[in-house]
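K.L.:
Structure here, sequence nowhere to be found:
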């Protein structure tokens, strides 16, 4: 069922309004024309009666009057129905000697001249009305105009109906489906829009495939030397150096996998799969991604380690990892506190306030230029925002008393309220 604010409903309402207006105008016009013609006819008949009155004065009898009426275009009525409706009311006696009564009467919308010979009771009814009628033309024109109005209404509806199909194709395109069809081959604007949209979608699809192929080729080429380096590392005899290099190669491999996830998410190929897991498991996974080792100083402080999160583990790990990475990089003391506030996960660190509006940092590769060595928060914040929104969470932020607070809203499903510190 079309919505009340749809284009089809608006055009239909316009058609109904136009039809009602057209019918009312036609009725008014034809009625006005009839009234005007009736007035003219009535005046003409009155003039004929006046002429008959003058002819009576010159001695014309009823046969002469009949000839006169025939000469001026009148004909005698023989229809019994009309003759039965003739009345003597308002008849005027023009000649007392001949006793002839003449009158004008309107019967069934038409005017008639009635003459009666009182001596023998004969009645004669004359009119100049044509059965074709003077209004048939107006009615035919009105009917043809109404048919034309309906024709154009159907034509317009037929032209805009492809819009609903085009809207369906646009929704498919918005959901990542690039298999767009040309839904109208008409030569109007909608047909042209449909063809251009299908052409644009096809071009974008080819560009996306080329970009994906390019990125995958790069990631494949990067993984090859990483794999070779990992093999060479296994040959080292220094256990500490060996473990460090293995961690480095593992992180590089994880970074490439994360880029692959980001690429899948940007192309709507990544499927979010939410599960229930503990906050401590998430942080342990992030520590491994950040190469935070057990023997290093405790710089990630986790409060309430048993709290549970309902989210996509990989996407949440990547999001929080980038938040922690930025927080560690830009905090005064290189320490970060993670805690739960209601249903929100909060990441806190001490640091300088942002120079620009936070939304600018969500743009890819954005840098405020404050520290060329640290290179801003650009790509990291872009990844964070997209990953969190993909899980239908909200990323919120505030800066209070020299502290940055990042909130991931409504991701906590179990709050144990146990405050313990772990690395």
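P.N.:
Received the coordinates, thanks. Everything numeric in this text was worked out from a predicted model, so none of it was measured. Numbers count the residues shown, from 1 in each chain.

K.L.:
show me what contacts residue 308?
P.N.:
Residues counted as contacts of residue 308 (CB atoms under 8 Å, 6 or more residues apart in numbering) are 276-279, 412-414. In short, each C-beta sits where N, CA and C put it, glycine included.

K.L.:
Closest one of those residues to residue 222?
P.N.:
Nearest to residue 222 among the contacts of residue 308, counting by CB to CB, is residue 277 at 29.6 Å.

K.L.:
give me phi/psi at the closest one?
P.N.:
phi -150, psi 160 (degrees, to the nearest 10).

K.L.:
how deep is it tucked in, by neighbour count?
P.N.:
Burial of residue 277 is recorded as 16 neighbouring residues (other CB atoms under 10 Å).

K.L.:
how close does residue 119 get to residue 55?
P.N.:
Separation of residue 119 from residue 55 (CB to CB, to the nearest Å) stands at 18 Å.

K.L.:
let me fix that: residue 190
P.N.:
73 Å.

K.L.:
ok, these two, which is more surrounded?
P.N.:
When residue 190 and residue 55 are compared for neighbours, residue 190 comes out ahead with 18 against 15, by other CB under 10 Å.

K.L.:
Assess the claim that the more buried one and residue 164 are in contact.
P.N.:
No. Residue 190 lies out of contact with residue 164 (CB atoms under 8 Å); the separation is 10.8 Å.

K.L.:
how many neighbours does residue 283 have?
P.N.:
Around residue 283 there are 21 residues (other CB under 10 Å).

K.L.:
pretty sure it contacts residue 337?
P.N.:
No. Between residue 283 and residue 337 there is no contact under CB under 8 Å: 11.8 Å.

K.L.:
now the nearest residue to residue 278 once chain neighbours are set aside: how far from residue 285?
P.N.:
The shortest distance from residue 278 to any residue other than its chain neighbours is 5.6 Å, reached at residue 308 (CB to CB, 6 or more residues apart in numbering). Residue 308 sits at a distance of 15 Å from residue 285 (criterion: CB to CB).

K.L.:
Then residue 405?
P.N.:
23 Å.

K.L.:
try residue 156
P.N.:
Taking CB to CB, one finds residue 156 at 60 Å from residue 285.

K.L.:
what's the neighbour count on the residue nearest to residue 107 when sequence neighbours are not counted?
P.N.:
Leaving aside its sequence neighbours, residue 107 sits nearest to residue 85 (CB to CB, 6+ apart; 5.1 Å). By other CB under 10 Å, the residues close to residue 85 number 13.

K.L.:
With residue 151 instead?
P.N.:
Neighbours of residue 151 under the rule other CB under 10 Å: 10.

K.L.:
swap in residue 254?
P.N.:
16.

K.L.:
In contact with it, which residues are there?
P.N.:
Counted by CB under 8 Å, 6+ apart, residue 254 has contacts residue 289.

K.L.:
Go again with 10 Å.
P.N.:
288-289, 291, 317-318, 321 (CB atoms under 10 Å, 6 or more residues apart in numbering).

K.L.:
residue ranges for the strands of the stretch 51-200 of the chain, please.
P.N.:
75-76, 92-95, 100-107, 110-117, 122-127 (DSSP state E, counting those that start in this stretch).

K.L.:
Please convert the ones you listed to JSON lines, extending it with distance to residue 150, mean neighbour count and mean pLDDT.
P.N.:
JSON lines is the format used below for these (distance: least, CB to CB, whole Å; neighbours: other CB atoms under 10 Å; pLDDT from 0 to 100):
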{"stretch": "strand 75-76", "distance to residue 150": "40", "mean neighbour count": "13", "mean pLDDT": "85"}
{"stretch": "strand 92-95", "distance to residue 150": "52", "mean neighbour count": "15", "mean pLDDT": "48"}
{"stretch": "strand 100-107", "distance to residue 150": "36", "mean neighbour count": "18", "mean pLDDT": "76"}
{"stretch": "strand 110-117", "distance to residue 150": "33", "mean neighbour count": "20", "mean pLDDT": "79"}
{"stretch": "strand 122-127", "distance to residue 150": "38", "mean neighbour count": "17", "mean pLDDT": "82"}
